[in-house]
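K.L.:
using only what follows, build the 3D model:
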Amino acid sequence: MGRRNNDWLSLGLESWQLGLEAGEVMWLRGCMIAMGGAAGEREAQRMVTEKLAANASFGMMVASGKAGTSPEAATRSALAHYGRRVRANRRRLAKKVP
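P.N.:
Predicted coordinates:
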């Protein structure tokens, strides 16, 4: 298998892992929101604000060329960009949800 195929294979695996992590964050956030109260409301607002900010900042990366010039580089940039946020949310929410 050539280097190019390995790149796409590793990107596929990283995408799969990010999907699993994002699913966990969705579940944890759902628990927080379902508990209601001020904490649930703050989490719902935070979720929307974070999504808008993450998408806007990645859009600027793409527009400025900082996301890479090849499809592989752009994909790797997207996975890194969103992965950092997903993992930070997972760590934060895991501490809060019983």
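K.L.:
mind checking the longest helix of the chain?
P.N.:
Assignment by DSSP state H gives helix 3-35 as the longest helix of the chain.
K.L.:
and for stretch 80-98, what are the contacting residues?
P.N.:
Stretch 80-98 is contacted from outside by 14, 18, 21-22, 24-25, 28-29, 31-32, 39, 50, 54, 57-58, 61, 67, using C-beta atoms under 8 Å, 6 or more residues apart in numbering. For the C-beta atoms, the positions are set from N, CA and C on the backbone; glycine is no exception.
K.L.:
circling back to that earlier point, show me what the longest helix of the chain is packed up against.
P.N.:
Using 3 or more C-beta pairs under 8 Å, 6 or more residues apart in numbering; DSSP states H and E, the elements in contact with helix 3-35 are helix 37-64, helix 71-96.
K.L.:
what about it, average pLDDT?
P.N.:
Taken as a whole, helix 3-35 carries a mean pLDDT of 92.
K.L.:
and the angle for that helix with helix 37-64?
P.N.:
Using axes from the mean of the first three to the mean of the last three C-alpha atoms, to 10 degrees, the inter-axis angle of helix 3-35 relative to helix 37-64 is 150 degrees.
K.L.:
what angle sits between helix 3-35 and helix 71-96?
P.N.:
Taking the same axes, to 10 degrees, one finds that helix 3-35 is oriented at 30 degrees with respect to helix 71-96.
K.L.:
for helix 3-35, buried residues please.
P.N.:
Using 16 or more other C-beta atoms under 10 Å as the test for burial, helix 3-35 gives D7, L11, L18, E21, A22, V25, L28, R29, M32, I33.
K.L.:
any idea how far the first one lies from S70?
P.N.:
It stands for D7. 9 Å (C-beta to C-beta, to the nearest Å).
K.L.:
let me know which of the helices and strands packed on helix 3-35 is tucked in deepest.
P.N.:
For the helices and strands packed on helix 3-35, the largest average neighbour count (mean count of other C-beta atoms under 10 Å) is found in helix 71-96, namely a mean of 15.
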